[in-house]
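Undergrad: compute the structure for the input listed below.
(chains A and B)
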Amino acid sequence: MENSLYNYNKNEIKQSEAVPVVSVMNVKKHFKSGFGKRKLVVKAIDGVSFDIYRGEVFGLVGESGCGKTTMGRTLIKLHKPTDGTIKFLGQTITEGISSNVEAISKAKKILRTENDYIKKLDAKQAIKFNRKEIRRKKRDNENSHYQLMKKMQMIFQDPIASLNPRMTVKEIIAEGLRIAGEKKEAVIIKRVNEVLETVGLVPEHANRYPHEFSGGQRQRIGIARALVINPDFLIADEPISALDVSIQAQIINLLNELRKKFGITILFIAHDLSVIKYISDRVGVMYFGNMVELAPADELFKNPLHPYTKSLLSAVPLPDPNYEKQRKRGIYEAQSAHDYSKEKPVFQEIKEGHFVLANSEEMEKYRKELKD
Amino acid sequence: MNKKLTVENLTISFKTPTGQVKAVRNISFDLNEGETLAIVGESGSGKSVTARAIMGILAGNKIVENGKIMYDGEDLLKITEDQYHEIRGRKIGMIYQDPMSSLNPIMRIGKQITESLILNGHHLKNKIAKLYNKERIAYFVIKRDIRILKKKVLENKKNKLPYKDLKKEIKKLKKELPTAKKIMKKAKKKATKVVMKEYKEQKAKYLEEIKDIRKNADGLDLKVVKEKVSSKKEELRRIKKVTKKQAKVQAIKVMQEVGIPEPEKRFKQYPFQFSGGMRQRIVIAIVLTANPDILICDEPTTALDVTIQAQILELINSLKEERRLTVIFITHDLGVVANMADRIAVMYAGKIQEIGTCEEVFYDPRHPYTWALLGSMPDLTSKDKLIAIPGTPPDMRFPPKGDAFALRSEYAMKIDFEEQPPMFKISDTHYAASWLLHKDSPKIEKPFMLDERIERMKEMTKELITDGKQLI
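TA: Now for the predicted structure:
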């Protein structure tokens, strides 16, 4: 591996110039279970919007259960979104229909209760329009966007569970190529060997089975599998949290190198803030299905505004005993920290590139903090 | 300082179909009273095996080749299983890594916490057992000796060594066995008589009192009388054993101590109704019901995320002070250790590579492996490329001849591949096993990046103290 050739510097991206690779618009994902009294709706994602620009590493942090993995899985169409639109390379890949369904039921209510002729006509038109929309969206969602989705790949959290134990490494990596339509064995072998070398493995490893490898090497196989069809966009769902400390650094360095070499855009999901800070250009903080803060990494760690971000930052353990003994952890409780009874919070820009979830009262408070 | 636990030259290996895995190789350390010793290392470095050896719960294919674990004047590797029952759980408690798999999914939380209280709570039985304990142990010691001798005979037969003397010894011991059994049985009968007599007297007293209440000389309300009777009966039961009511009261007290809100409601719930952090609290509560002196935490926060991890660490720290626990904290995360530990032992390939106080290991690390571990962690301010440790830990079926870390170290010298380094003394509390510390070795400084980080962290700490600039 060309470790020594590599010099670290982050990609400087100005928002206005860059093209979004992925844009997520007001996406919701609700999981439903049970009927009647026992009906339970888990709002895993509840209206999240953000853009990911070409060539950057976008970090997504939050505690477990805040919806960051669901976000990644919805992006790659492993889940259907309940509502909202996801665009990839300028093309809509999936859309949710719940807003249309709601609009229809609202219009039906108007039809039942109102007597005004014009209002009724409007409602009827609305129903017609929304039904058409639903039909269109369903048709579009069924379209596989095959050539497009090839450009998006995913690395999974657990390298032991995500590799088929009965397939050799070569078969695992080549599977994507074969599905992509490559039939010549010689090309496949050549490509597999190439990819194995990029991730720091040797071509001799190709005929072994996953259980013969250590955790770090298995994660490298997972990365090789994602890289084999030259993706533009990589979703890394906690790729290092199941690995040992010394191996973690290897994988982080590898991802960093890949980004440099191939210009891959990466969505990096993790709950370890120091790793996120190290690898990402921009960071989004999620809390219970909502994006609470989004800013460039340095800015976020210098001026955290949302109380949840602050408490998250104060919980990071650092390798220094004196500092640790002085540090106090901040506790965040959603109910007591905000008063949203008068005005609902909106996700808005406070400074160039720095977004925060707040209502107008809080915005003023945050602005003051920023000036200090 | 009092030494609570001493481990000396402990060597453990496991028998597997492909050869002996040498999990722990000749390690020694002391555990002082009231301190936190952190054992840090990668997975497979033998830190969990050390902890399990102290608890006496190693897997069946273990081979304890050498060593001593001294606790309370006794060698834990030599005592019988019956004696171990007195220590395991009651004196040394352990918290496991995954809170999901260490709780029974089909048992209510309350039952799991009170289980040990109720099972160990037969006061009469315990009293009897205490009275004839000496005789019982004498009997079991003879039995154990016979077993050990028989093993030796078999080994000698294999290696064609003389074993006749051993057989004679076995015969001698076997003759002693029936008398020892008789003595034990006699002692047991005697003890039972004494205890039961005492209990019967107490019982008679209580029954009379109950009769008096039933007569209702003061002309009380019937309900009041009934309550009084039932409370008296409960007292009588409590002499015999720990009742469910009593156990519940104690369990709820412990649950409050570990910070579980609404313990009465939670008492009746199942593990799946708890979040990861809450589950780990329950596990800690179960351990605490037995009032141990030593708490072994085997990666208690690895399965949890940052905020929950911070909560659990704070909880363990506060419990340690309240209950004056001595803690062995096992982890692979050096950031976690900085907050908790008084002393740190860095393990690699079954050996302790560096041991010292927290400050010494973090500010003046001497072993290349410690440098690598510290360097491979990004902190909130690091910008440079991380120092990744190349390669993987060695296969412990065939442990390397020299320094185990030499293969992955850029500082390795010729001697590292030939001979194992001894523990070099740096200060009274700080030792490291690296040939770099030998007086003839070239002078090598720790990586520049670590110095830089230490400087940076010093500044951050200064800011924290002078400005009081806290993130929240």
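
Undergrad: switch to C-alpha atoms for all contacts and neighbour counts from now on
TA: OK.

Undergrad: buried residues in stretch A:362-372, which are they?
TA: A:362, A:363, A:366 (16 or more other C-alpha atoms under 10 Å in any protein chain shown).

Undergrad: tell me how far it is from the chain's mean position?
TA: 28 Å (C-alpha atoms, centre = their mean, to the nearest Å).

Undergrad: quick one, longest helix in chain A?
TA: helix A:117-142 (DSSP state H).

Undergrad: after that one comes which helix or strand?
TA: Next helix or strand after helix A:117-142 toward the C-terminus (DSSP states H and E): helix A:146-149.

Undergrad: what's next to that next one, contact-wise?
TA: Applying C-alpha atoms under 8 Å, 6 or more residues apart in numbering or on different chains, the set of residues contacting helix A:146-149 from outside is A:76, A:88.

Undergrad: repeat that for stretch A:115-129.
TA: In contact with stretch A:115-129 (C-alpha under 8 Å, 6+ apart) are residues A:103, A:104, A:107, A:108, A:110, A:111, A:114.

Undergrad: repeat that with 7 Å
TA: A:104, A:107, A:110, A:111 (C-alpha atoms under 7 Å, 6 or more residues apart in numbering or on different chains).

Undergrad: now stretch A:281-292
TA: Counting by C-alpha under 7 Å, 6+ apart, A:10-11, A:43-48, A:56-62, A:66-68, A:293-297, A:306, A:309, A:356-357 sit against stretch A:281-292.

Undergrad: and residue A:348, which of the three is it?
TA: strand (DSSP: H, G, I helix; E, B strand; the rest coil).

Undergrad: that one bridge partners, please.
TA: Legend: beta-bridge partners of residue A:348 under DSSP bridges are residue A:356.

Undergrad: these two touch, right, it and residue A:356?
TA: Yes. Counting by C-alpha atoms under 7 Å, residue A:348 touches residue A:356, with 5.6 Å between them.

Undergrad: rewinding a little: among the contacts of stretch A:281-292, which are located in helices?
TA: Reading helices off the contacts of stretch A:281-292 with DSSP H, I get A:68, A:297, A:309.

Undergrad: ok, longest helix in chain B?
TA: Per DSSP H, chain B has its longest helix at helix B:164-215.

Undergrad: ok, back up a step: in terms of neighbours, single out the busier of residue A:348 and residue A:356.
TA: Neighbour tally, residue A:348 and residue A:356, criterion other C-alpha atoms under 10 Å in any protein chain shown: the higher count belongs to residue A:356, 25 against 17.

Undergrad: residue in the stretch 1-150 of chain B with the shortest distance to chain A?
TA: residue B:42 (6.0 Å; C-alpha to the nearest C-alpha).

Undergrad: where exactly do the helices run in chain A?
TA: Going by DSSP H, chain A shows helices at A:68-75, A:98-113, A:117-142, A:146-149, A:169-179, A:185-198, A:215-227, A:245-262, A:273-279, A:297-302, A:307-314, A:321-326, A:334-337, A:360-371.

Undergrad: by how many degrees do the longest one and helix A:98-113 diverge?
TA: Pointing back at helix A:117-142 there. 150 degrees (axes from the mean of the first three to the mean of the last three C-alpha atoms, to 10 degrees).

Undergrad: how far away from the center of its chain is helix A:117-142?
TA: That offset, for helix A:117-142, works out to 31 Å (C-alpha atoms, centre = their mean).

Undergrad: quick one: low-confidence ranges for the stretch 1-150 of chain A?
TA: A:1-18 (pLDDT under 70).

Undergrad: of the buried residues of stretch A:362-372, closest to chain B?
TA: residue A:366 (13.3 Å).

Undergrad: just give the closest residue to the closest one, not the sequence neighbours.
TA: Nearest residue to residue A:366, sequence neighbours excluded (C-alpha to C-alpha, 6 or more residues apart in numbering or on different chains): residue A:305, at 6.2 Å.

Undergrad: spatially central residue for the chain, please.
TA: With no chain named, the answer covers chain A. Centroid check for chain A by C-alpha atoms, centre = their mean gives residue A:72 as the closest residue, at 4.0 Å.

Undergrad: wait, I meant chain B there
TA: Centre-nearest of chain B using C-alpha atoms, centre = their mean is residue B:296, 3.2 Å out.

Undergrad: against which helices or strands is the strand or helix carrying that one packed?
TA: Taking DSSP H and E as the criterion, residue B:296 maps to strand B:294-298. The contact analysis (3 or more C-alpha pairs under 7 Å, 6 or more residues apart in numbering or on different chains; DSSP states H and E) places strand B:294-298 against strand B:92-95, strand B:326-331.

Undergrad: check which helices and strands the first one is in contact with.
TA: Going back to what we said before, that points to strand B:92-95. By 3+ C-alpha pairs under 7 Å, 6+ apart, strand B:92-95 packs against helix B:276-288, strand B:294-298.

Undergrad: for it, the averaged confidence score.
TA: For strand B:92-95, mean pLDDT is 92.
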